[in-house]
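Engineer: Sequence first, then the predicted structure, then my questions.
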Amino acid sequence: MSNQPGQEPLRVRIASVGLVGPGLHGWQNSRKYLHQGVSPESREMPLLVPEGISPRERRRLTETIKLALVAGQDALLNLSVPVAIEQLSTVFASANGDLFVADKILSALALPGKPVSPTHFHNSVHNAPAGYWHLASHSMHASTSIAADENSFVSGLLEAVSQVVATAEPCLLVVCDSRAPENYRNQLNCNDSLALALVLQADDGHCIKADTELLEIRQLNPAIATVMDDAVLETMRQGNPAAKGLPLLHLLADPGVKSVIFEGGLAGGIELKRVSDE
């Protein structure tokens, strides 16, 4: 995304949101907490049951894959105007990929005979969640999988926005990171499992504007990231790379929030600002 001084900010519409995390059982259940800026009463993770997966494939799913699928499906469920799932291009972003699979494979490689599970090997590629999504949705559209450490949310968002602006076609963004296995917890900042999803549409005059939020995106340098006022939500934001997107969900849930700032990207950071349709 290029937005140098003198250039107009990019505009994109957020048509829908999906969210899965500790005490965050889907967007409709969670938006009241984000609107009020308070943490959920419970920290319990929801039961992760993605739809559209055959029993054979379902047995292969890890928590990371389930998280990504359930968040994406939650976003589609919340669309006010249905979008054909098989017509959606996708962007999947994750800082760490599937650490459970990595841990299992590395542990197996340390054993005599190196008994690596074929299923774990199958799921070890970074685009495994995207692959299962497109299998479930029967989609032949393009998919991009991104890893950018703590900047994975911003990088995934910029990729999805760039695609929407360039093609005028909707795009599903899914950002997901699972709680790090014990062997990784001293090295990685990922204390909870969380996934969020956004359906983005172009602001081209042809999309249906009802129940969508029009946002302007511009680069900032320097940038100081927006934080969550609630201590538990802020701990969540700091404790999972995917949760870096929580301030944007706060903006989408609370009409009183006009803009949010994220660090990362090509030039220090980005600002997302709510724009009136009037």
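Structural biologist: Perfect, thanks for sending it.
Engineer: from here on, contacts and neighbour counts on C-alpha atoms
Structural biologist: Will do.
Engineer: quick one, helices of the stretch 151-278 of the chain?
Structural biologist: 152-167, 231-238, 246-253 (DSSP state H, counting those that start in this stretch).
Engineer: Now do the longest strand seen in the chain and helix 152-167, the angle between them.
Structural biologist: Secondary structure of the chain per DSSP state E: the longest strand is strand 10-21. If you take axes from the mean of the first three to the mean of the last three Cα atoms, to 10 degrees, strand 10-21 sits at 140 degrees to helix 152-167.
Engineer: residues of strand 10-21 that come out buried?
Structural biologist: 10, 11, 12, 13, 14, 15, 16, 17, 18, 19, 20, 21 (16 or more other Cα atoms under 10 Å).
Engineer: For this protein, which segments count as strands?
Structural biologist: Going by DSSP E, the chain shows strands at 10-21, 24-25, 89-93, 143-146, 171-177, 194-202, 213-220, 259-263, 269-275.
Engineer: from the buried residues of strand 10-21, which is closest to residue 246?
Structural biologist: residue 19 (9.6 Å; Cα to Cα).
Engineer: Touching, that closest one and residue 74? I think so.
Structural biologist: Yes: look at residue 19 against residue 74 with Cα atoms under 8 Å: they come within range, at 7.0 Å.
Engineer: Overlap in contacts, the two.
Structural biologist: Here residue 19 and residue 74 have 26, 27, 197 as joint contacts, going by Cα atoms under 8 Å, 6 or more residues apart in numbering.
Engineer: between these, which has the most around it?
Structural biologist: Most neighbours among the shared contacts of residue 19 and residue 74, by other Cα atoms under 10 Å: residue 197, with 29 neighbours.
Engineer: from memory residue 233 sits against residue 39, does it?
Structural biologist: Yes: using Cα under 8 Å, residue 233 makes contact with residue 39 at a distance of 5.7 Å.
Engineer: Tell me which of the helices of the stretch 151-278 of the chain sits nearest to residue 92.
Structural biologist: helix 152-167 (6.8 Å).
Engineer: Worst mean pLDDT across the helices and strands of the protein, which element?
Structural biologist: Least confident helix or strand of the chain, by mean pLDDT, DSSP states H and E, is helix 55-58 with a mean of 87.
Engineer: just checking, what packs against that helix?
Structural biologist: For helix 55-58, there is no helix or strand it packs on, judged by 3 or more Cα pairs under 8 Å, 6 or more residues apart in numbering; DSSP states H and E.
Engineer: From the contact counts, what lies against the longest strand of the chain?
Structural biologist: Counting contacts by 3+ Cα pairs under 8 Å, 6+ apart, strand 10-21 packs against helix 27-36, helix 63-77, helix 152-167, strand 194-202, strand 213-220.
Engineer: which outside residues touch the last one?
Structural biologist: Contacts of strand 213-220 with the rest of the structure, by Cα under 8 Å, 6+ apart, involve 3-4, 9-15, 203, 252, 267-277.
Engineer: what residue lies at the spatial centre of the chain?
Structural biologist: The residue lying closest to the centre of the chain (Cα atoms, centre = their mean) is residue 175, at 2.2 Å.
Engineer: Find the nearest non-adjacent residue to that residue, please.
Structural biologist: residue 93 (4.7 Å; Cα to Cα, 6 or more residues apart in numbering).
Engineer: That neighbour bridge partners, please.
Structural biologist: residue 146, residue 175 (DSSP bridges).
Engineer: Now for it: which residues touch it?
Structural biologist: For residue 93, the contact set (Cα under 8 Å, 6+ apart) comprises 145, 146, 147, 152, 153, 155, 156, 173, 174, 175, 176.
Engineer: Please tell me the pLDDT value assigned to the second one.
Structural biologist: Residue 146 is assigned a pLDDT of 97 by the prediction.
Engineer: was I right about it contacting residue 94?
Structural biologist: Yes: when contacts are counted by Cα under 8 Å, residue 146 is listed as touching residue 94 (6.4 Å).
Engineer: Which neighbours do those two have in common?
Structural biologist: In contact with both residue 146 and residue 94: residue 152, using Cα under 8 Å, 6+ apart.
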